[in-house]
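A.B. asks: give me a 3D structure for the following:
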Amino acid sequence: MNLVSLRIITADIKRLVQFLEKATNLPARWATDDFAEIVTSSFTLAIGSTRTLSFFGENIAQPANNKSVIIEFRVENVDDDYERIKDLTREIVQKPTTMPWGNRSLLFRDPDGNLINFFTPVSPEAIKKFA
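C.D. replies: Got it, this is the predicted structure:
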């Protein structure tokens, strides 16, 4: 089994996709006006509007209500990315900090309040883990 995608449901898809494109420096692929994907070499971040929920039933998901998931991206240099995105978001939760498990981590929120972590492995163990 392979996890290949995570989908965020949002009430303002254009705003969120534009933010994520700027934050990740990756273009989104739009399938419809209600569904876009940001594709990396190992994972796809899907973004769907609340209108896509009608395919699944009522009260399936609530946009801008995440309090338990962190979306994580391994980046080349988290300090450089911090300089690039610090004015993009109103909420930097944690400036670049080296964590006890060997990753240098930047934690911030997207416009819907979802937590995003950019991290760079810096300890020998963490570098080996992601090699």
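
A.B. asks: which residues of the chain fall in strands?
C.D. replies: Using DSSP state E, the strands of the chain run over 5-10, 28-32, 35-39, 44-49, 70-74, 92-98, 103-109, 115-121.

A.B. asks: each with direction, which strands does the fifth one pair with?
C.D. replies: As defined by DSSP bridges, the strand partners of strand 70-74 come to strand 115-121 (parallel).

A.B. asks: who touches the partner strand?
C.D. replies: 23, 66, 69-78, 81-82, 85, 93, 99, 102-110, 127, 129-130 (Cβ atoms under 8 Å, 6 or more residues apart in numbering). Glycine gets a C-beta too; all of them are placed from N, C-alpha and C.

A.B. asks: try 6 Å this time
C.D. replies: Contacts to strand 115-121, defined as Cβ atoms under 6 Å, 6 or more residues apart in numbering, come from residues 70-75, 77-78, 81, 103-108, 110, 127, 130.

A.B. asks: angle of the helix ranked longest in the chain against strand 44-49?
C.D. replies: Identified as the longest helix of the chain according to DSSP state H is helix 13-24. For helix 13-24 against strand 44-49, the angle by axes from the mean of the first three to the mean of the last three Cα atoms, to 10 degrees is 160 degrees.

A.B. asks: same list, the strands of the chain, but as TSV with mean pLDDT, distance to residue 57 and mean neighbour count please.
C.D. replies: Output for the strands of the chain, formatted as TSV (pLDDT from 0 to 100; distance: least, Cβ to Cβ, whole Å; neighbours: other Cβ atoms under 10 Å):
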stretch	mean pLDDT	distance to residue 57	mean neighbour count
strand 5-10	95	13	18
strand 28-32	98	19	14
strand 35-39	98	17	18
strand 44-49	96	14	20
strand 70-74	96	24	16
strand 92-98	98	33	14
strand 103-109	98	28	20
strand 115-121	97	27	21
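
A.B. asks: great, nothing more from me.
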